[in-house]
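Visitor: Output the structure for:
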Amino acid sequence: MKIAEVNDQIRSNKGIVGIVEKVYENSVMIKILENPTDISFENNVTVINHKNYKVIQPVAFQQNS
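Guide: Model (predicted):
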């Protein structure tokens with residue numbers, strides 16, 4: 001399991017996609033980009049345990065918008 005780094009793009013096991021803003025010992029805080037669930041998140045931010053996501057785009061491979 002690869003632990004995400006700040007600015008990596010991840011996808012949670014529930015399908016939520018976001019950019020990592022902060023890395024904690026057991027989880028990451030993300031700014032949500034896509035939320036296919038019925039769950040609403042205050043300020044479009046959530047915390048996800050390291051066991052519950054996969055890195056889909058490491059920071060080194062992201063293009064500047």
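Visitor: thought residue 30 was touching residue 19?
Guide: Yes: counting by C-beta atoms under 8 Å, residue 30 does reach residue 19; the two are 6.1 Å apart. The way it works is simple: take the backbone N, C-alpha and C, and place the C-beta from them, glycine included.
Visitor: So for these two, which sits in the more crowded spot?
Guide: Using other C-beta atoms under 10 Å, the more surrounded residue of residue 30 and residue 19 is residue 30, with 25 against 18.
Visitor: Just the strands from the protein, written as ranges.
Guide: If DSSP state E is used as the criterion, the strands of the chain fall at 9-12, 17-23, 27-34, 45-49, 53-57.
Visitor: Tell me which of these sits nearest to residue 3.
Guide: Minimum separation from residue 3 across the strands of the chain (C-beta to C-beta) falls at strand 17-23, 7.1 Å.
Visitor: quick one: average confidence on that closest one?
Guide: Per-region confidence: strand 17-23 scores 98 on mean pLDDT.
Visitor: what's the answer for stretch 54-65, then?
Guide: Over the span of stretch 54-65, the pLDDT mean works out to 76.
Visitor: Which residues are in contact with each of residue 30 and residue 19?
Guide: With contacts taken as C-beta atoms under 8 Å, 6 or more residues apart in numbering, residue 30 and residue 19 have residue 10 as neighbours in common.
Visitor: returning to what we had before: any idea which of the strands of the chain is most buried?
Guide: Across the strands of the chain, the average number of neighbours (mean count of other C-beta atoms under 10 Å) peaks for strand 9-12, which reaches a mean of 19.
Visitor: Could you list the paired strands of that strand along with their orientation?
Guide: In its sheet, strand 9-12 lies beside strand 17-23 (antiparallel), strand 53-57 (antiparallel), with partners assigned from DSSP bridges.
Visitor: report the angle between the axes of the last one and strand 27-34?
Guide: The reference is to strand 53-57. Per axes from the mean of the first three to the mean of the last three C-alpha atoms, to 10 degrees, the angle that strand 53-57 makes with strand 27-34 is 60 degrees.
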